[in-house]
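*Asks:* next come a sequence and a model predicted from it.
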Number of protein chains: 2
Amino acid sequence: MAKSKQREDHVKALYALGESLGGPKAWVSTNQMADHLGVKAPSVTSMVQVLQELGWAEHRPYRGARLTVAGRRLALNLVRKHRLWETFLVERLGFGWEEVHDIAEQLEHIDSVKLVDRLDEYLGCPKVDPHGDPIPDGKGLFNDDRSLRSPSDLVAGDVGRVAAVQRDDAALLSLLKSHGVALGTEWTHEALQGLPHDLREQLLLELVSTMKHGAS
Amino acid sequence: MAKSKQREDHVKALYALGESLGGPKAWVSTNQMADHLGVKAPSVTSMVQVLQELGWAEHRPYRGARLTVAGRRLALNLVRKHRLWETFLVERLGFGWEEVHDIAEQLEHIDSVKLVDRLDEYLGCPKVDPHGDPIPDGKGLFNDDRSLRSPSDLVAGDVGRVAAVQRDDAALLSLLKSHGVALGTEWTHEALQGLPHDLREQLLLELVSTMKHGAS
DNA sequence: CAATATTTTTAGATTTGTCTAAATTATTTT
DNA sequence: AAAATAATTTAGACAAATCTAAAAATATTG
């Protein structure tokens, strides 16, 4: 096995960037990972070579890296732990959704299958975390049957409920909060235009009502 | 500050051994620490020198080491976190008291004052953990007003309630469990003699009733 | 109290994860 | 398509935490 905080962080970065780049087959550049992790590119190169030896990633020199099936399983387990702990912090300990990320970042590295399973059960096997993001189950599968839309998909007359936020960092979440944006709040197309563009684009909405007729 | 898991582990060992050797002024040998931590003596020497530079310990070559006031504060905070997490695992997640030590050993290094305070509050500010050991408060003070006795202090006719166990490791605790020993169970002097000597000596009891008259 | 035995430290090597600077490969531009 | 530019890797250094083997200090014993 030979896990470590750093190795797990690199696996998670590889997963997150791979997803945003078009799925498990996408190659992620070492520079992107370096930016994402706040380290320099050569550090990523050497770590990615370690991940390859551990069987968690594949590395094509000068092309990039991507996760193997085992690496993906590990990544999804980290996501699961992160989101379960965030849920615990918000729902049980009364934290605000904007202040839990850094703590969950530490808690996700705690190594105990039994702990995660018990925590999941204790929280009632939640399907989404406090940011609206889906929580993978014990086998690393999402149960994401929501149909989310970008704010730019809404037209005049539509109302959308905030279901998730794309990026999970304290600054952004505080800013959203200060504009009255929280999970579950409902917004008309018009009201959304009142938000700054970069903020608005971070939201994912569930359509509550529309004036449009025909196919949804 | 510059905390790390290893530095914190050495501070905790220094605290634990110092206590069992007669309080904060006692010098702890590097060999004792090495045994306790499962590393070699030279590793401890170099780490103790680091702790000295950080202001957490004092090192007298060839004599031993002991904590400074700051080091002691850090140690007590680690004990606090360890015992709060153990309480959480047993009382909320349904773990057995013998299986929580290793997980709490990881959780105690999570760094967030707010998290610890919220957890404490969530658990109802418990005074003792599932092994019966007192939990220091946020300022590092024990509220230990129990008067505990060693099994050998009991005489014929006395009944004692198991209030704590001296050592916290899974093997011992499982063994105790298999002999029917759990926190809160009551034992007569005679019944205690039925336990193996080394097991019996790990217990701390609260006197429930006695046939003796006069001073307690 | 001198010789021996034990404990502890120093010296130097190793592993993990990071860095900077230089070399290499890929991409873009003209 | 050659030259310039950008991205990535290699090479080599460094810090943290560990180890083994050897040296130094302390304790024990005859």
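*Replies:* Done, it's in. Numbering: from 1, shown residues only, chains lettered A, B, ... in the order given.

*Asks:* Provide the secondary structure category for A:G157.
*Replies:* coil (DSSP: H, G, I helix; E, B strand; the rest coil).

*Asks:* near the closest residue to it other than its chain neighbours, how many other residues are there?
*Replies:* Nearest residue to A:G157, sequence neighbours excluded (C-beta to C-beta, 6 or more residues apart in numbering or on different chains): A:M211, at 3.5 Å. All C-beta atoms are positioned from the backbone trio N, CA, C, and that covers glycine. A:M211 has 10 neighbouring residues, counting by other C-beta atoms under 10 Å in any protein chain shown.

*Asks:* list the contacts for A:M211?
*Replies:* The contact partners of A:M211, by C-beta atoms under 8 Å, 6 or more residues apart in numbering or on different chains, come to A:A156, A:G157, A:D158.

*Asks:* what comes into contact with stretch A:85-92?
*Replies:* Outside stretch A:85-92, the residues that reach it (C-beta under 8 Å, 6+ apart) are A:95-97, A:100-101, A:103-104, A:107-108, A:119, A:122-123, A:126, A:129-131, A:135, B:115, B:122.

*Asks:* what residues sit buried inside it?
*Replies:* A:W85, A:E86, A:T87, A:F88, A:L89, A:V90, A:R92 (16 or more other C-beta atoms under 10 Å in any protein chain shown).

*Asks:* from the residues you listed, pick the one nearest DNA strand D.
*Replies:* Set against DNA strand D, the nearest of the buried residues of stretch A:85-92 by C-beta to the nearest atom of the strand is A:W85 (24.4 Å).

*Asks:* for DNA strand C, what are the nearby residues on chain A?
*Replies:* Applying C-beta under 7 Å from any atom of the strand, we find that chain A lies next to DNA strand C at A:4, A:6-7, A:9-10, A:39-40, A:42-43, A:46-47, A:50, A:62.

*Asks:* most neighbours among these, which one is it?
*Replies:* Counting neighbours by other C-beta under 10 Å, A:H10 leads the residues of chain A next to DNA strand C with 26 neighbours.

*Asks:* what's that one sitting at in phi/psi?
*Replies:* Main-chain dihedrals, A:H10, degrees, to the nearest 10: phi -70, psi -40.

*Asks:* that one contacts A:M33, correct?
*Replies:* Yes - counting by C-beta atoms under 8 Å, A:H10 touches A:M33, with 6.9 Å between them.

*Asks:* so what sits against both of those two?
*Replies:* Shared contacts of A:H10 and A:M33 (C-beta under 8 Å, 6+ apart): A:V44, A:V48.

*Asks:* quick one: the helices in chain A?
*Replies:* Ranges of helices in chain A, per DSSP state H, are A:5-20, A:30-37, A:41-53, A:69-91, A:101-107, A:113-122, A:170-178, A:189-193, A:197-200.

*Asks:* most neighbours per residue, which of those?
*Replies:* Among the helices of chain A, helix A:69-91 has the highest mean neighbour count (mean count of other C-beta atoms under 10 Å in any protein chain shown), at a mean of 21.

*Asks:* that one vs helix A:113-122, what angle?
*Replies:* Relative orientation of helix A:69-91 and helix A:113-122, computed by axes from the mean of the first three to the mean of the last three C-alpha atoms, to 10 degrees: 50 degrees.
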